[in-house]
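Peer 1: Fold the following for me, if possible:
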Amino acid sequence: MTVQAIASLAARIAELYTQPPAEPLPADLGKWIGSLLDALERGDVRAAQREADGRWRAVPWVKQGILLAFRAGRIVRMPDAESQKDGRSVFTFYDKHFFPTRDVGLSSQVRVVPGGSTIRRGAFLGPGVVCMPPMYVNVGAYIGAGTMIDSHALVGSCAQVGERVHVSAAAQIGGVLEPVNAAPVIIEDDVVVGGNCGVFEGTVVRSRAVLAAGVVLTRGTPVYDVVRERVYAASEAGPLEIPEDAVVVPGARAIRVGWGKEQNLSLQTPVIVKYRDERTDLSTALEAQLRLWRFMVASSYAAWSMSPVTSPCRIGPLFWLPWPGGRPAFTGFCGPRISSRPRTSFGLWASMSRHYRNA
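Peer 2: Residues are numbered from 1 along each chain as shown. You can find the predicted model right below:
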């Protein structure tokens, strides 16, 4: 999309947004909204952009266009009854007609593993993104190349997630659609978001940071840095920002006054305990390798279980396992149905698991 076309689209969206709610919207509104959603899906425009000074700022007209689509949209059944007559589509939902689910297509090179995942119209997913079921990506979200969105994770409306990010199981990346001038949640490149984390209210997580499982970050959450001996918090001038390479874990801060002190109560407080180093990088690399290993073991077992047993001990397909230190290892899988030497594969599996845990 050319710069001139984007400027024309922005001007028209801004003009339509200022129209009083009592007045009917023009007949060509659908064309402009469709152009905006298409541009978002291609990555030509984004709901927030990083400026030269490193700060992230919202792109108000993009949010205005999304809000216009909600305002003008009609609630319809999707897919419609006519398209379901062949019996191939059994998933039915009811939403504004501008927002069907998005078919990413084979050319996008995005993996959407079956099991209940949904990507809404107007979201961008870069090549190599992996969507593990069930997960949800809302309108206006941007997900960079090579990122994994794990099971039960949510990427909210207009959230910006960088490249090679791991959004772990049950993590919540909040959306910020209103006010239109408020920047959404930002997760920069190479961040690890642990399981059950929550990042909300425009928080910015800078590149290569690691959020341990259970960390919750909001605009009202102070973060204590025990390495640099300072406190990070949101202000009127900007959102909460987690520094580059920070490793954040859940913590607690004792209440020091009043009844809360008498009851020995504490408040949830994220704590930066270190900054990313070679050991942290090794841990995240091992996690990625372990995920690959589990997938290969499962694939090997699936191939074995679908083939007939023709001998007392049938060995599944051999595969190569990336091994810490660069040493290749070849192994196979012997399924639980055979009884002559059931400990052969299990012992190998267990010893490999111990090796990865202790590395």
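Peer 1: Run through the stretch 151-300 of the chain and note the low-pLDDT ranges.
Peer 2: Within the stretch 151-300 of the chain, the ranges that satisfy pLDDT under 70 run 282-300.
Peer 1: For the chain, which segments count as helices?
Peer 2: Along the chain, counting by DSSP state H, helices occupy 3-17, 29-42, 60-72, 258-262, 278-305, 343-358.
Peer 1: Can you get me the centre-to-centre distance for the fourth one and its chain?
Peer 2: Average the C-alpha atoms of helix 258-262, do the same for its chain, and the two points are 39 Å apart (CA atoms, centre = their mean, to the nearest Å).
Peer 1: list the helices and strands it packs on?
Peer 2: Using 3 or more CB pairs under 8 Å, 6 or more residues apart in numbering; DSSP states H and E, no helix or strand is in contact with helix 258-262. The way it works is simple: take the backbone N, C-alpha and C, and place the C-beta from them, glycine included.
Peer 1: ditto for the second one
Peer 2: Packed against helix 29-42 by the contact rule (3+ CB pairs under 8 Å, 6+ apart) you find helix 3-17, helix 60-72, strand 124-125.
Peer 1: what's the angle from that helix to helix 60-72?
Peer 2: For helix 29-42 against helix 60-72, the angle between stretch directions is 130 degrees (axes from the mean of the first three to the mean of the last three CA atoms, to 10 degrees).
Peer 1: got the contact list for helix 29-42?
Peer 2: Outside helix 29-42, the residues within contact range by CB atoms under 8 Å, 6 or more residues apart in numbering are 1, 6, 9, 12-13, 16, 45-47, 62, 65-66, 68-69, 72, 98, 102, 121-124, 139-140, 142.
Peer 1: Give me the buried positions along that helix.
Peer 2: 29, 32-33, 35-37, 39-41 (16 or more other CB atoms under 10 Å).
Peer 1: Also the first one?
Peer 2: For helix 3-17, the buried set under the neighbour-count rule, 16+ other CB under 10 Å, comprises 6, 9-10, 12-13, 16-17.
Peer 1: From the contact counts, what lies against it?
Peer 2: helix 29-42, helix 60-72.
Peer 1: Looking at the ones you listed, spot the one closest to A153.
Peer 2: helix 29-42 (20.0 Å; CB to CB).
Peer 1: beta partners for the residue nearest to E51 when sequence neighbours are not counted?
Peer 2: With sequence-adjacent residues excluded and distances taken as CB to CB, 6 or more residues apart in numbering, E51 is closest to R57, at 5.9 Å. Listed beta-bridge partners, R57: Q49 (assigned using DSSP bridges).
Peer 1: any idea how far R57 lies from L40?
Peer 2: Distance from R57 to L40, counting by CB to CB, to the nearest Å: 17 Å.
Peer 1: Of the buried residues of helix 3-17, just say which sits nearest to P179.
Peer 2: Y17 (12.7 Å).
Peer 1: Tell me who's in contact with the closest one.
Peer 2: Per CB under 8 Å, 6+ apart, neighbours of Y17: 61, 64-65, 67-68.
Peer 1: Test my guess that A213 contacts V193.
Peer 2: No. With contacts counted by CB atoms under 8 Å, A213 stays clear of V193, the gap being 9.4 Å.
Peer 1: what do the two both touch?
Peer 2: Taking CB under 8 Å, 6+ apart as the contact rule, A213 and V193 both touch S168.
Peer 1: Looking at those two, which has the bigger crowd around it?
Peer 2: V193 (28 against 15; other CB atoms under 10 Å).
Peer 1: beta partners for the more buried one?
Peer 2: Going by DSSP bridges, V193 forms beta bridges with V167, L211.
Peer 1: same question, the one 5 residues further on
Peer 2: According to DSSP bridges, Q172, V216 are recorded as the beta-bridge partners of G198.
Peer 1: Neighbours of it, how many?
Peer 2: Close neighbours of G198, defined as other CB under 10 Å, add up to 20.
Peer 1: Could you measure from it over to Q268?
Peer 2: Taken as CB to CB, the span from G198 to Q268 is 11 Å.
Peer 1: Identify the contacts common to the two.
Peer 2: In contact with both G198 and Q268: V216, using CB under 8 Å, 6+ apart.
Peer 1: Give me the pLDDT for P324.
Peer 2: At P324, the model reports a pLDDT of 47.
Peer 1: whoops, L25 was the one
Peer 2: Looking at L25, the pLDDT reads 88.
Peer 1: Tell me how far it lies from W56.
Peer 2: Using CB to CB, L25 is found at 31 Å from W56.
Peer 1: out of these two, which sits in the busier spot?
Peer 2: Between L25 and W56, W56 has the larger neighbour count (other CB under 10 Å), namely 19 against 14.
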